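Return a 3D structure for these sequence lines:
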Amino acid sequence: MPVTPQQHGLLLDALAHQGTGRYVEQLHWRWHGPLDTERFTTAWQSVFDGETVLRAAFDWQDEPHLVLHDRITPDVVRLAHGTADWEELLESDRLRGFDLRRPGLLRATLLDDEATGEDGGSTRILLTFHHVLLDGWSVSLLIQRFYRAYLAGGALPAGDRRPDIRDYAAWLRAQDTTPAREFWSTAVPQGTLAVRPALPGDPTGQSGSGRVQTALTPEEADRLRGWAATHAATESSALNTAWALLLGRADGGTGPVPVGFGVTVSGRGIPLDGIEGVPGLLMNSLPMAAEVDPAATVPQLLAQLRDQALDMASYEWVSTGQIHEWTGRGAGEKLVESIVVFENYPRSQDGLEADLGAQGIRVELPDAAGSETAFPVSLLAFRDTDGSLQLVVVHDRARLSDADAALLLDVYARLLRDLPEVADDLTTVADVMETLLDDTLPTMADRPPRRRDRHHRGHLARRPRHPARQGRLADRLRHHRRRPPAPTSSKRAATPCSP
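Residues are numbered from 1 along each chain as shown. This next block holds a predicted model:
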């Protein structure tokens, strides 16, 4: 079956960065109580047998497409306590990556904790998967189905056929893109957008991917949500508002500033029955554009971003490459250099806690290790089980140093804490920006020149295929098919915390 336009762009970028861990994502958690390895493996086999996406692989001999296999064996490995360091395991497994030509782009590694003699001990579970085929929503669904299979002795009962990636691909092919083209050609204004969340800076001298984390307390998070609700907006719109303020302030202009940053959407708001339960790459990154006007009030900026998000929802299925073309951007012209990800996919065990507990098992909620993407700066946010709002910045250390990433997150968190206290109906954008002094703001370097730079564009800036270019793209893909994986010696900052 053909790849989706979104997969096409990600596949090119992933092949251009083999051996770096780009788009390789990881979820990990602890399993308390008895864990039968054979039953664990059999349960995953049952999930693989029932999910088309887990038996898919890519082929790009001519044009890129997905090959669906009848049956594969899941990769499950269990390591005894003391045989591996957890942080080193996370890093090495991420850099190991995947051969995208082989099915099974999800694997499980189990690392036993030191035996305590109580409650059957505990085991760390690591799921590693590739984003070109699966998103976080998908893996959450797969984990829930795995638990049901494990509770049933390792096998899921056969049921009626559910929609899968084939149905989604067919739905996409049937869409008339004319309304989407008309919307996106006006939703993103012409001209240059302010896309950096930091002031211009010098090269950092650092390399790899870094990560910093902080949190709003449950009380602070509730105040932020309440402030947004008083203006008929959501928590995610409040997060976008604070980020847009940073982009506008970093631009340094005195008048209205058009800003652009990426946002994520579930991709599951389309009119296709059962789409909420379809695993695959449906989650999408889209450009959010807004005008940050110092004379406007902060609630007006919040409402602008709220309305933009609502309007985008009807066209969340288009690829960012299509949007780049429809807005008339050149190949090197950026729509975004950062992305705000508000994680809202299912994180619970779907009511299975009692059933697991009856077998002496308690499982924690999965944490995400974070992955390297094409974005120099990614802001990840989610509500933790205690009600706190966790905030994580994953950054390209060559562009944003560790110290500046920490400063960026500190300034952003301060904005989120202050907005509910100070941003009433009379508070202007200028009032807030005046509190953000230059000497308190982070700096960010230009993108360093790279060889074969065409391979390193973020997927929000990638143009889609055109008939005249298909041969050249196919040649590039065949070239990568023959190349051996790149060396896996690059390092990133350890990411032991959840996003």
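
Any stretches of the stretch 151-300 of the chain with poor pLDDT?
By pLDDT under 70, the low-scoring segments of the stretch 151-300 of the chain are 159-160.

where exactly do the helices run in it?
165-173, 178-187, 218-230, 235-251, 298-312 (DSSP state H, counting those that start in this stretch).

so which of those helices is the most packed in?
Stretch with highest mean neighbour count among the helices of the stretch 151-300 of the chain: helix 235-251 (a mean of 25; mean count of other C-beta atoms under 10 Å). Heads up, the C-betas are built off the backbone N, CA and C, glycines and all.

how far does that one sit from the chain's center?
Relative to its chain's centre, helix 235-251 lies at 19 Å (C-alpha atoms, centre = their mean, to the nearest Å).

Can you name every helix or strand that it contacts?
When contacts are defined as 3 or more C-beta pairs under 8 Å, 6 or more residues apart in numbering; DSSP states H and E, helix 235-251 sits against helix 218-230, strand 257-265, strand 284-292, helix 298-312, strand 338-342, strand 377-383, helix 402-422, helix 429-433.

Can I get those in TSV including distance to Gly357?
Formatted as TSV, these follow (distance: least, C-beta to C-beta, whole Å):
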stretch	distance to Gly357
helix 218-230	26
strand 257-265	33
strand 284-292	37
helix 298-312	39
strand 338-342	31
strand 377-383	24
helix 402-422	36
helix 429-433	48
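
Quick one: closest of those to Gln7.
strand 284-292 (11.0 Å; C-beta to C-beta).

Can you say which of the helices and strands packed on helix 235-251 is nearest to Glu51?
strand 284-292 (20.4 Å).

Give the other helices and strands that that closest one contacts.
Against strand 284-292 (3+ C-beta pairs under 8 Å, 6+ apart) you get helix 235-251, strand 257-265, helix 298-312, helix 320-326.

Switch the ones you listed over to JSON lines, and while doing so, append distance to Trp31 to every line.
Formatted as JSON lines, the helices and strands packed on strand 284-292 follow (distance: least, C-beta to C-beta, whole Å):
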{"stretch": "helix 235-251", "distance to Trp31": "31"}
{"stretch": "strand 257-265", "distance to Trp31": "29"}
{"stretch": "helix 298-312", "distance to Trp31": "37"}
{"stretch": "helix 320-326", "distance to Trp31": "37"}
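
if we compare the helices of the stretch 151-300 of the chain, which one ends up closest to Leu426?
Of all the helices of the stretch 151-300 of the chain, helix 298-312 comes closest under C-beta to C-beta, at 9.3 Å.

Between strand 257-265 and that closest one, find me the angle.
50 degrees (axes from the mean of the first three to the mean of the last three C-alpha atoms, to 10 degrees).

Would you point out which residue is most central in the protein?
Taking C-alpha atoms, centre = their mean, the centroid of the chain lies closest to Val341, which sits 6.5 Å from it.

wait, doesn't that residue sit right on Ser378?
Yes. Applying C-beta atoms under 8 Å as the test, Val341 and Ser378 come out as touching, 6.4 Å apart.

Just tell me which of the helices and strands packed on strand 284-292 ends up closest to Val292.
helix 235-251 (3.2 Å).

circling back to that earlier point, how much space separates the residue nearest to the centre of the chain from Leu172?
Using C-beta to C-beta, to the nearest Å, we find Val341 at a distance of 23 Å from Leu172.

Run through who's touching stretch 248-258.
For stretch 248-258, contacts defined as C-beta atoms under 8 Å, 6 or more residues apart in numbering pick out 189, 191-194, 196-199, 247, 259, 289-295, 429, 433, 436, 441, 444.

Just give me the neighbour total for Ala158.
Around Ala158 there are 8 other residues, counting by other C-beta atoms under 10 Å.

Count residues in the vicinity of the closest residue to Asp293 other than its chain neighbours, would you?
Spatial nearest neighbour of Asp293, excluding adjacent residues (C-beta to C-beta, 6 or more residues apart in numbering): Pro256 at 4.1 Å. By other C-beta under 10 Å, the residues close to Pro256 number 13.
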